[in-house]
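**Student:** Pasting the sequence and the predicted model now:
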Amino acid sequence: MHANADLLQRLYTALDRHEHNTMADCYHPKARFRDIAFDLQGIEKIHGMWHMISETDIHPKFEVVNANDRTGRVKLVDTYTFGAKKDPPKKGRPVRNVIESHFVFEGGLIKDHQDFCDPKEWARQAMGGPLSYLARRIHLLRWLAATLKLRAFVKKHPEYD
């Protein structure tokens, strides 16, 4: 198995174990992460996002499709409860998010990570109702919600700022 395939295995195994520090160790200091909500530059912001996500009930199922010296691709299905909270208690909505992840490597680390999924299907599951309709169609709304949530998390964890 290629070393970068091992790196991707380590990344998603750490996600399944909720080990955000191990995940952060997989990224280049100047890495970039993008998906339907986030556009993050730099390891501190990416680490903050993974720390926030690792505090949820996320459970990934993944397959490393390919990885070589320069690029890699992973098929991923994340299951989790969107919007669940402990304090005050909030039940949240179950999500099964089918993702294709693309990677660019540099120096044995992830330099660029981009996740692709169906934003309409994600919003339908995660939000439902009228807000879902808007979130399915307006990237800015998804970005704003994700950014505000991450900023609130970082405020409690200033090491990621």
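**Tutor:** Good, I have the coordinates.
**Student:** Is the residue nearest in space to the middle of the chain within a helix or a strand, and which one?
**Tutor:** Nearest residue to the geometric centre of the chain (C-alpha atoms, centre = their mean): W50, 6.6 Å. W50 is located in helix 43-54, with elements delineated by DSSP states H and E.
**Student:** Now do that helix: distance to the chain's middle.
**Tutor:** Helix 43-54 sits 8 Å away from the centroid of its parent chain (C-alpha atoms, centre = their mean, to the nearest Å).
**Student:** buried set for it?
**Tutor:** Residues of helix 43-54 classed as buried: 43, 45-54 (neighbour count, 16 or more other C-beta atoms under 10 Å). Just so you know, the C-beta spots here come from the backbone N, C-alpha and C atoms, and that holds for glycine as well.
**Student:** that older thread, next one: the residue nearest to the centre of the chain from A31, what distance?
**Tutor:** Separation of W50 from A31 (C-beta to C-beta, to the nearest Å) stands at 11 Å.
**Student:** Mind listing the shared neighbours of the two?
**Tutor:** Taking C-beta atoms under 8 Å, 6 or more residues apart in numbering as the contact rule, W50 and A31 have no neighbour in common.
**Student:** still on that earlier bit, ok, the buried residues of helix 43-54 vs K120, which is closest?
**Tutor:** For the buried residues of helix 43-54, the residue nearest K120 by C-beta to C-beta is I53; the value is 21.5 Å.
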